[in-house]
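[1] Sequence first, predicted model second:
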Amino acid sequence: MGASILTNYEEIGAVLLFVIGLVNLLLQPNLVKKIIGLDIMDSAVYLFLAAKGYIAGRAAPIYTGGVTDASLYINPIPAGLVLTGIVVSVSVSALMMALTICLYRQYHTLNLDEIMMLLRRQEAEQLQHLAAEERPGDLP
Amino acid sequence: MEKHRPKTEYSRRERFTRWCVGEYDPSAERLETRAPADEAARLELQRLQEYAANADRGIHHELYELGLRRRVGLFTRFYRVAAVLFALFLAGVLLLTVSYLPRFGDVSAPENNEVARRYIEKGLEETGAVNIVAGMILDYRAFDTFGESCVLFVAACCVLFLLRVDGQEDPRSQALEDMSDRFFEPRHDAILQMSARLLVPVITVFGIYVVLNGHLSPGGGFSGGAIIGSGLILYLTAFGFARTGRFMTEKLVKILTVSALSFYCAAKSYSFYTGANHLSSFITPGTPGAILSAGLIVYLNICVGIVVACTIYSFYVMFRKGGF
């Protein structure tokens, strides 16, 4: 263990949030809760990036009084990366929600286990149907 | 002949006391919680709900019986334990990594390198933006932001493909959507309408302020666009599709989004073509701190704001009703 485990509270919080989101994603059978888990993981990544950009005792990256001294402002690059991440995660969440609605319209349930079971039952029915069609006795 | 009603019926105080006692309900005649929709749509909705309930029960039972089987039950238990163990293992590895990272807020961390220093020291001179992040994402890395706006646009298009309900091709499902929309969103809610009347102008003006001051203060196209979009959503929730449909039509959203994206692409391509590599360009940074400064950043912020507001609004409309 390195020494900075005692000082990096923000990064530790990000890791814990990430793991909470991952457990949600793996263990929740409900599709909407899975999407929420993924969003929690996204937030953990933003927290980590924002923590990495911070420099102790410096101001936000907006010029005050026209001073362009680099030793006065925090690192602006993680802020831009977080912006990109937020936009992409909003798009991905919307797309996944739309797909979930389509699945719900087809199967009338949000539980992934039930959807898998209904899918398997449908496949079995289709196979039976095909087998019945291909029986030689039924041919004209 | 008494032409006027007694004065007590007009006074707010009288109405308030009557409301407290329970004699008078101001929303009784106005609030529409259940729609007087056509009978066919209502029956269809009921049939669908019954079907869903029956299907649920059957599949629940089957799942329960499957869980009782020994191998399946063992596998489920193994999967849960393995998932938790994997998550704990991942947490351990990540915490170990965090413990070797530089201290929080350390100046000498490797990510505070010459790139960040260059952006801060030359940003004001080269882009003219007081907000360093705005100068970075809309000038140095403007094509990355263009890509982000396109991602939003493509996501809105995909949601449209997936959830769209076409009223002309499929009047039955359109009626069903209207029906369920009225079922879940009561109309003419007096409290919501009053607060929307007060809040929507303020929210919209604040959103425009955030967009226009993106190069001077915290904010910019993405946050301002989200604020404007949420104001539109509030207006829609309060006053219904008939009112918003007068100005936010599908055609308008399409035209606004596409023209904002093409203006962004054309302006930034032109500025890279003429202004990069120390070529001369008429796009100058201007006086830092003025509202019309920082070259193209204001206009690009407006474009991004339009795209984000339209996308947020169309997401909401698609999810709620499947069409404008």
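    Sure, I can see it. Everything numeric in this text was worked out from a predicted model, so none of it was measured. Residues are numbered from 1 along each chain as shown, chains lettered A, B, ... in the order given.

[2] element containing the residue positioned nearest the centre of chain A?
    Nearest residue to the geometric centre of chain A (CA atoms, centre = their mean): residue A:38, 2.5 Å. Using DSSP states H and E, the element containing residue A:38 is helix A:31-53.

[3] hey, which helix or strand in chain A has the poorest pLDDT?
    One helix or strand of chain A scores below all others by mean pLDDT, DSSP states H and E: helix A:112-133, with a mean of 84.

[4] hang on, the earlier thing: please tell me how far the residue nearest to the centre of chain A sits from chain B.
    The gap separating residue A:38 from chain B is 14 Å, by CB to the nearest CB, to the nearest Å. No exception for glycine: its C-beta is placed from N, CA and C like everyone else's.

[5] Is any residue of stretch B:154-165 near chain A?
    Yes. Stretch B:154-165 lies within reach of chain A by CB under 8 Å from any CB of the partner chain, at B:154-156, B:158-159, B:162-163.

[6] Go through that stretch and flag the buried ones.
    For stretch B:154-165, the neighbour count (16 or more other CB atoms under 10 Å in any protein chain shown) marks B:155-156, B:159-160, B:162-163, B:165 as buried.

[7] if we can go back for a sec, could you dump the residues of stretch B:154-165 next to chain A into a markdown table with secondary structure added?
    Listed next are these as a markdown table, based on DSSP: H, G, I helix; E, B strand; the rest coil:
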| residue | secondary structure |
| --- | --- |
| B:154 | helix |
| B:155 | helix |
| B:156 | helix |
| B:158 | helix |
| B:159 | helix |
| B:162 | helix |
| B:163 | helix |
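
[8] In CSV, list those along with pLDDT.
    Formatted as CSV, the residues of stretch B:154-165 next to chain A follow (pLDDT from 0 to 100):
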residue, pLDDT
B:154, 91
B:155, 91
B:156, 89
B:158, 91
B:159, 90
B:162, 87
B:163, 84
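
[9] Spatially, which residue comes closest to residue A:99, not counting chain neighbours?
    Once flanking residues are discounted, residue A:99 sits nearest to residue B:162: 6.5 Å by CB to CB, 6 or more residues apart in numbering or on different chains.

[10] meant to ask about residue A:87, not that
    With sequence-adjacent residues excluded and distances taken as CB to CB, 6+ apart, residue A:87 is closest to residue B:148, at 4.5 Å.

[11] Which parts of the stretch 101-250 of chain B are helices?
    B:114-127, B:132-135, B:142-163, B:171-184, B:190-212, B:221-239, B:241-244, B:250-275 (DSSP state H, counting those that start in this stretch).

[12] weakest of those helices by average pLDDT?
    Per-stretch mean pLDDT for the helices of the stretch 101-250 of chain B is lowest at helix B:171-184 (a mean of 69).

[13] Now do the helix holding residue A:38: which elements does it pack against?
    For helix A:31-53, the packing partners by 3 or more CB pairs under 8 Å, 6 or more residues apart in numbering or on different chains; DSSP states H and E come out as helix A:9-27, helix A:77-107.

[14] send the alpha carbons of the shortest one over as PDB?
    What that stands for is helix A:9-27. What follows is helix A:9-27, C-alpha atoms only, in PDB (Å, rounded to 0.1, in the frame of the first residue of the first chain):
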ATOM      1  CA  TYR A   9     -10.400  10.700  -0.100                       C
ATOM      2  CA  GLU A  10     -11.900  11.900  -3.400                       C
ATOM      3  CA  GLU A  11     -10.300   9.100  -5.400                       C
ATOM      4  CA  ILE A  12     -11.300   6.500  -2.800                       C
ATOM      5  CA  GLY A  13     -14.900   7.800  -3.000                       C
ATOM      6  CA  ALA A  14     -14.800   7.500  -6.800                       C
ATOM      7  CA  VAL A  15     -13.600   3.900  -6.500                       C
ATOM      8  CA  LEU A  16     -16.300   3.000  -4.000                       C
ATOM      9  CA  LEU A  17     -19.000   4.600  -6.200                       C
ATOM     10  CA  PHE A  18     -17.600   2.800  -9.300                       C
ATOM     11  CA  VAL A  19     -17.900  -0.600  -7.500                       C
ATOM     12  CA  ILE A  20     -21.400   0.200  -6.200                       C
ATOM     13  CA  GLY A  21     -22.500   0.900  -9.800                       C
ATOM     14  CA  LEU A  22     -20.800  -2.300 -11.000                       C
ATOM     15  CA  VAL A  23     -22.500  -4.400  -8.400                       C
ATOM     16  CA  ASN A  24     -25.800  -2.800  -9.400                       C
ATOM     17  CA  LEU A  25     -25.100  -3.600 -13.000                       C
ATOM     18  CA  LEU A  26     -24.300  -7.200 -12.300                       C
ATOM     19  CA  LEU A  27     -26.900  -8.100  -9.600                       C
END
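
[15] what pLDDT, on average, does it get?
    Averaged over helix A:9-27, pLDDT sits at 91.

[16] Can you report how many residues lie near the residue nearest to residue A:87?
    Neighbours of residue B:148 under the rule other CB atoms under 10 Å in any protein chain shown: 23.

[17] I figured it hits residue A:84, correct?
    Yes. In terms of CB atoms under 8 Å, residue B:148 counts as a neighbour of residue A:84; the distance is 5.7 Å.

[18] one step back: among the residues of stretch B:154-165 next to chain A, give me the pair with the biggest separation.
    Using CB to CB, the two most remote members of those are B:154 and B:163, lying 15.0 Å apart.

[19] and the gap between residue B:215 and residue B:130?
    6 Å (CB to CB, to the nearest Å).

[20] domain parsing for chain B?
    By the assignment in automatic domain parsing, chain B contains the domains B:39-100, B:114-321.

[21] Can you give me the distance of residue A:68 to chain B?
    In terms of CB to the nearest CB, residue A:68 sits 5 Å off from chain B.

[22] SS state for that residue?
    Going by three-state DSSP: residue A:68 is coil.

[23] That one - how many residues pack around it?
    Count around residue A:68 with other CB under 10 Å applied: 14.

[24] which residues touch it?
    Residue A:68 makes contact with B:120-125 under the criterion CB atoms under 8 Å, 6 or more residues apart in numbering or on different chains.

[25] at 10 Å what do you get?
    Neighbour list for residue A:68: B:120-125, B:132 [criterion: CB atoms under 10 Å, 6 or more residues apart in numbering or on different chains].

[26] what pLDDT does it get?
    Residue A:68 is given a pLDDT of 74.

[27] And the residue nearest to residue B:44 when sequence neighbours are not counted, how far from chain A?
    Closest residue in space to residue B:44, ignoring its immediate chain neighbours: residue B:176 at 5.6 Å, by CB to CB, 6+ apart. Separation of residue B:176 from chain A (CB to the nearest CB): 11 Å.
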